[in-house]
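Engineer: sharing a model prediction with you, sequence too.
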Amino acid sequence: MSAVNLRRVLVIALLGHASLLATAQGQYVVKEQITLRGTVESVTPGIVTVRDDEGARHLVRIQGNADKGVRLADGNLLVFPADVQVTGAFDAEKLKAGQVVRFRGEINRLGRTDKEVTELSLIDTDDATVGVTVDNEPKSSAEFAACLVVGAVNKASAGRLLISLPAEQAFANKTLLTFKVAPGTKVKMESRDYKRIDPAAKVVRCQAVRLTTGDIVAQSLLVECLEGVALKARAEDAIAHKYQTLSNVPKPTPRQIRSAHFSFLSDVSDREARIILDKLETMAVLLERYFGRKPAGLVEGFVVHDLKAWPDGMLKESAGVAKIAEKAGICFNARLGKQRQATLYSCDDHGVIQHECTHGFCHMAFGSTGPTWLAEGVAEMGNYWQEGEQAVAVDSGVMAYLQKASPKRGLLEIAQPGRTPSGTWQDYAWRWALCHMLANNPNYSDRFKPLAIALMEEQGGVSFESVYGPVAKEISFEYDLFLQTVGNGYRADKTAWPWKAKSRPLHNSNATLKATIRSSSGWQSSGLLVTKGVAYQITSDDTWQMATVGTACDADGDVDGRGKLIGVVFSDFKLSDVIPLGVDKTFVAPADGQLLCRSNDAWTEIADNIGSLSITLRRASE
């Protein structure tokens, strides 16, 4: 029995008897088992949002194949693997490079193929045993034999399919095979990866448990994608495709691997080496583009898969070897005059390598990595940075810690000058949070880059306080709000506070103010300066949509209140309680200050919202 199936048996046993689920932090009681059917509204790390057939919305927490567990709302991790099946069909020419397919064809000893492929299945890379398996050995080299083919798509076009095989699975010394595909051939989807689900997919059945905490956790999920929609191609599919033909067997002894910015001794496989270097080069290009500076030389060092493969004396830094043994890493930076050196010691974990190589890049580009808060914060950003992606996407455990921590660490507690101990992963989390907010919030991003450069160049007279001191109250307010609302999927660029917006009072019921409130942004100025105790009327037109595939609603929102127009009064860097508004609402101002509005939607889910409302404000008739 597989480890996953064994865990499922244990879970079922728990449900059937004690209805008690345990985590390292405590126990959880199952309140009920539920079955959901409907439509997928959105997919984010660890959560599939389902709109059921009655219109109710459910956040279903789910453990993916590579996940250690389900992250619950309280931040604790529950080991509860789900049985996921993603099905559907689409035209063969919609296959994307890097996706792995399984089909039957005919081939001869020379690697030539015959007849048309009429059936194809798209499968997960983790489920693939790549290669060509011939049913019966042909009698001659020219004779064709039936075979089973599992390989990565190189290119798909009308009537033609190119399949890539890794070097160790080459057939007839060929790593690229061409097959004819019959017109109208459909590809059947067979995926266990919930992250491949497209919004609007049909939820055929979702079996889940509802805990007494309110969390809904998936046991099984059967989803059917819309006809004609291809299964999502992941970034890892594309990079794996680039190096599909290389060997994935680790090397018995270290050898040199290098790219434009990096040069290492390593015992990882040829394929793994190219993937690591490819990711590092993407990161280096992003860093160069952001900071506008190229490093003065290569980041060098050692990437280790198996310490036993390394000859005695090759790894000279004992502290580096200790880090590798811990499945961690370190980058030793040194300089003498204008000469700089960055030496990496790392295990083969990609995130560790990227974090430490960010340190190395910054040292080689600027001469130092700056104070510890900046060095570690930027390195964590380098670890998580993805080209073209502004949404927060960090380790779920890190995010849970930031959300649960109380009290939160303050700005000056994090941004301490000079070099301090690197600390724990919790310290890294706070530094990442500060750097991410500063780099992505448009109110502060224009100052963050020159500040970071000045600190890494060790320019005199420059500090966090000297740069952000003039806006200390503003940045402290926004940082606190960021920590209260951040989560994976959060967009700091869409939630920036409208400091420059102008507001004015209304002195009588004949005067009006008009404003437009976007569904995809955080708090926005209504333009109204309210007076405590005074009644105001707000009316709104139009509709907006709380998800790409959601149903449009007006300012009263849906049956759950999602999409409802809400407001808050801002005064002296403090916020009032949230004020429920709507299509036509009269409210009494709870304080003097600016009225701000937004859609009632999770802060981590506003990026895909569509539309805006036109609102009109007036003093209510006395």
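Structural biologist: Perfect, I can see it now.

Engineer: domain ranges for this protein?
Structural biologist: 3-84+196-224, 89-190, 258-485, 512-619 (automatic domain parsing).

Engineer: can you give me the strands for the stretch 51-200 of the chain?
Structural biologist: 57-61, 70-71, 77-78, 83-87, 89-91, 100-107, 113-114, 116-117, 120-123, 131-134, 145-157, 160-164, 176-181, 186-190 (DSSP state E, counting those that start in this stretch).

Engineer: and for the stretch 501-622 of the chain?
Structural biologist: 512-518, 524-530, 535-541, 565-571, 574-575, 579-580, 584-588, 593-599, 612-619.

Engineer: relative to Asn441, which of the ones you listed is closest?
Structural biologist: Closest approach to Asn441 among these (CB to CB): strand 524-530, 15.0 Å. Quick note: C-beta positions are derived from backbone N, CA and C, even for glycine.

Engineer: so which elements touch the closest one?
Structural biologist: In terms of contacts (3 or more CB pairs under 8 Å, 6 or more residues apart in numbering; DSSP states H and E), strand 524-530 is packed against strand 512-518, strand 535-541, strand 593-599, strand 612-619.

Engineer: what's the offset of the third one from the middle of its chain?
Structural biologist: The chain centroid and the centroid of strand 593-599 are separated by 30 Å, computed with CA atoms, centre = their mean, to the nearest Å.

Engineer: that older thread, which of the strands of the stretch 51-200 of the chain is buried the deepest?
Structural biologist: Highest mean neighbour count among the strands of the stretch 51-200 of the chain (mean count of other CB atoms under 10 Å): strand 70-71, with a mean of 25.

Engineer: which strands and helices sit next to that one?
Structural biologist: Against strand 70-71 (3+ CB pairs under 8 Å, 6+ apart) you get strand 77-78, helix 396-404.

Engineer: now the element after the last one, going C-ward?
Structural biologist: Put plainly, it is helix 396-404. helix 411-414 (DSSP states H and E).

Engineer: pull out the buried residues from that next one.
Structural biologist: Within helix 411-414, the residues scored as buried using 16 or more other CB atoms under 10 Å are 411, 414.

Engineer: restricting to C-alpha, output it in CSV.
Structural biologist: C-alpha atoms of helix 411-414 as CSV (Å, rounded to 0.1, in the frame of the first residue of the first chain):
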residue,chain,number,x,y,z
LEU,A,411,9.1,48.6,11.3
LEU,A,412,12.0,49.8,13.4
GLU,A,413,12.2,46.4,15.1
ILE,A,414,12.8,44.8,11.7
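
Engineer: where does pLDDT dip in the stretch 51-200 of the chain?
Structural biologist: 127 (pLDDT under 70).

Engineer: kindly report the same for the stretch 501-622 of the chain.
Structural biologist: For the stretch 501-622 of the chain, the ranges with pLDDT under 70 are 622.

Engineer: mind checking pLDDT for the residue nearest to the spatial centre of the chain?
Structural biologist: Nearest to the geometric centre of the chain sits Ala393, at 3.3 Å (CA atoms, centre = their mean). On the pLDDT scale, Ala393 is placed at 88.

Engineer: same deal with Glu236?
Structural biologist: pLDDT recorded at Glu236 is 64.

Engineer: before we move on, the earlier item: could you list every residue that touches the residue nearest to the centre of the chain?
Structural biologist: 45, 384, 386, 488-489 (CB atoms under 8 Å, 6 or more residues apart in numbering).

Engineer: count of residues packed around the closest residue to Pro311 other than its chain neighbours?
Structural biologist: Distance criterion CB to CB, 6 or more residues apart in numbering; nearest residue to Pro311, sequence neighbours excluded, is Thr253 at 7.5 Å. The tally of other residues near Thr253 (other CB atoms under 10 Å) stands at 10.

Engineer: can we start the residue count at 58 from this point?
Structural biologist: In the new count, where the first residue is 58, that last one comes out as Thr310.

Engineer: could you dump the strands of the stretch 108-257 of the chain to TSV with distance to Arg466?
Structural biologist: Shown next, in TSV, are the strands of the stretch 108-257 of the chain (distance: least, CB to CB, whole Å):
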stretch	distance to Arg466
strand 114-118	27
strand 127-128	21
strand 134-135	22
strand 140-144	37
strand 146-148	48
strand 157-164	44
strand 170-171	61
strand 173-174	58
strand 177-180	45
strand 188-191	52
strand 202-214	45
strand 217-221	48
strand 233-238	53
strand 243-247	45
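
Engineer: Thr269: which of those strands is closest?
Structural biologist: Taking the strands of the stretch 108-257 of the chain one by one with CB to CB, strand 134-135 is closest: 13.1 Å.

Engineer: quick one: list the elements packing against that closest one.
Structural biologist: Short answer (3+ CB pairs under 8 Å, 6+ apart): strand 134-135 packs on strand 77-80, strand 127-128, helix 453-461.

Engineer: so how far is that strand from its chain's centroid?
Structural biologist: 19 Å.

Engineer: skip the chain neighbours and tell me the closest residue to Ser316.
Structural biologist: Per CB to CB, 6+ apart, closest to Ser316 is Leu334, 4.1 Å.

Engineer: quick check: next helix or strand after the host helix or strand of that neighbour?
Structural biologist: For Leu334, the host element (DSSP H and E) is helix 327-348. Using DSSP H and E, the next helix or strand after helix 327-348 towards the C-terminus is strand 356-361.
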